[in-house]
Every structure is written in C-alpha cells, then in structure tokens.
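Engineer: no sequence for this one, just the structure:
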C-alpha cells in the first residue's frame with residue numbers, strides 16, 4: 001500500500017514541473033522571438049529492473065529536463081525600420097556586460113549615441129563591432145548589410161549553431177552558449193527582413209489544452225494518494241484494533 005502511495009505521489013512531480021513550463025510559455029506568448037520550452041519525462045520502473053530500494057524510490061520518474069523549441073514563430077510586419085527578423089536559421093549577436101549573447105528578438109532601436117541596441121540597451125553587433133548609425137532611417141538588406149542614403153555604414157553579424165541545443169536561456173530573450181568549447185559560426189547568407197518581427201512560437205491554444213490535461217493528471221494522482229491513505233487509515237484503525 002505504501003508503494004501505491006509512493007507511485008501516485010511520484011506521478012504528481014512531473015505534472016508540477018510541466019505546469020511551470022506551460023505557465024512560462026504562456027507568460028511569454030507575446031514576447032517577440034521567444035522560443036517555447038518542452039519538458040521530457042522518462043518513467044523508470046524500478047520493480048521491473050529488480051531494484052529493491054526504498055519505497056520512496058518506487059517508480060520515481062526521471063526528469064530529462066527542459067528543451068528549447070527553436071522552430072520559427074510567425075512573422076509580423078511592423079513597418080519600423082529598426083525591427084528586424086531572421087527567416088530561417090541564425091541569431092542576432094548582442095554584446096552584454098556578461099559577454100556575447102544571441103537572440104531572435106529583433107526589436108531594436110537607436111541609443112542617444114546612435115548605437116543600434118536591443119530594448120535593454122545592449123549593443124547589437126556588426127561584423128566590425130558596434131553599429132553606429134546617423135539619425136536618418138537606415139536600409140537593411142537581406143544579407144544584413146546596412147546603408148543610409150545608399151551609403152554602406154555596416155553589416156549585421158548573424159551567428160548560427162550546428163546544434164542550437166547548446167544554447168541556454170540568459171534572460172530578456174537572450175541565449176548563451178551552455179556547452180564549453182562550442183562557439184557559433186558566422187552565417188554567410190542570412191535572410192534578414194526589415195520592418196518585420198518574429199513572434200513567439202508559443203501556440204496559446206495548445207498550451208491551454210496542455211495545462212488543463214496536466215491539471216487533470218495531477219488531480220487524478222492526488223485522489224489516488226488520498227484513497228490509498230484513507231484505506232491505510234482504515235487498516236490501522238479497524239483491522240489492527242484489539243477485540244474486547
């Protein structure tokens with residue numbers, strides 16, 4: 001009976017984690033360039049493996065962790081000349097106090113010094129460093145070249161990763177390399193779109209359905225724990241009673 005309680009209780013743990021992931025996805029559904037998280041869970045049946053460890057370890061699920069879904073989000077045309085999007089692979093390169101970071105959120109603007117920056121004020125990097133622009137509207141070509149009145153003034157540095165799963169979240173729609181010894185390579189033929197923003201790849205309807213399903217699974221396991229506990233209480237209080 002204790003094994004039944006442990007099995008039902010252990011089933012609640014991944015549902016709690018899944019709910020956290022879904023909540024974060026929904027909270028960022030309106031964030032440009034946001035990439036949704038996916039949770040992978042593997043159930044290890046210790047009984048089948050002949051494991052005779054404690055009851056608390058019975059059928060304990062192994063959380064494989066959260067994986068970022070780097071699939072592209074819908075493209076929204078804004079008309080803002082400093083809103084940029086990448087069709088296909090690649091990341092904009094950003095300089096931060098913590099080092100080089102990468103983003104798909106191309107909602108950029110000019111600082112008071114005429115530096116192209118993110119919404120948080122971090123410089124967007126070009127092939128020659130920070131991108132300095134005059135006050136006039138700039139034209140950005142599909143290859144990332146930037147010109148003002150037909151005069152070249154810089155070129156965006158667009159990075160790509162053979163395996164984007166080496167990236168980890170670094171806050172504010174930024175990613176950092178999470179694997180030592182792995183670095184990006186510069187894209188030779190990026191597909192930059194000006195006046196366009198990539199939306200989040202979160203499907204709010206799917207996430208809401210997943211949230212409801214997760215809650216129901218959690219509730220079912222919770223009821224199973226309560227039933228097992230109630231049955232155990234009856235065993236202790238009634239069957240174990242010494243007859244008078």
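Structural biologist: Structure received. No experiment lies behind these values; they were computed from the predicted model shown.
Engineer: Show the average pLDDT along stretch 178-195.
Structural biologist: Average pLDDT, stretch 178-195: 89.
Engineer: you'd agree residue 197 is up against residue 85?
Structural biologist: Yes: at 5.7 Å, residue 197 and residue 85 qualify as touching, with contact defined as CB atoms under 8 Å. For glycine as for every other residue, the C-beta is placed from the backbone atoms N, C-alpha and C.
Engineer: Compare the two (neighbour count), which wins?
Structural biologist: Neighbour count, other CB atoms under 10 Å: between residue 197 and residue 85, residue 85 has more, with 26 against 22.
Engineer: The more buried one should be in a strand, yeah?
Structural biologist: Yes: Residue 85 sits within a strand when classified using DSSP: H, G, I helix; E, B strand; the rest coil.
Engineer: Beta-bridge partners for it, please?
Structural biologist: Counting by DSSP bridges, residue 85 forms beta bridges with residue 193.
Engineer: after the least confident helix or strand in the chain by mean pLDDT, next one along is what?
Structural biologist: Ranked by mean pLDDT, DSSP states H and E, the weakest helix or strand in the chain is strand 61-68, scoring a mean of 69. As assigned by DSSP states H and E, the chain's next helix or strand after strand 61-68 is strand 75-77.
Engineer: and for that following strand, what are the contacting residues?
Structural biologist: 85, 87, 193, 195, 196, 197, 198, 199 (CB atoms under 8 Å, 6 or more residues apart in numbering).
Engineer: Common neighbours of residue 197 and residue 85, please.
Structural biologist: Shared contacts of residue 197 and residue 85, defined by CB under 8 Å, 6+ apart, comprise 75, 106.
Engineer: Among the contacts of strand 75-77, name the buried ones.
Structural biologist: Applying 16 or more other CB atoms under 10 Å to the contacts of strand 75-77, the neighbour count classes 85, 193, 196, 197, 198, 199 as buried.
Engineer: Closest one to residue 179 out of these, please.
Structural biologist: Residue 179 lies nearest to residue 198 out of the buried ones among the contacts of strand 75-77, by CB to CB, at 24.5 Å.
Engineer: contacting residues around the closest one?
Structural biologist: Neighbouring residues of residue 198 by CB under 8 Å, 6+ apart: 32, 33, 72, 73, 74, 75, 76, 85, 86, 104, 105, 106.
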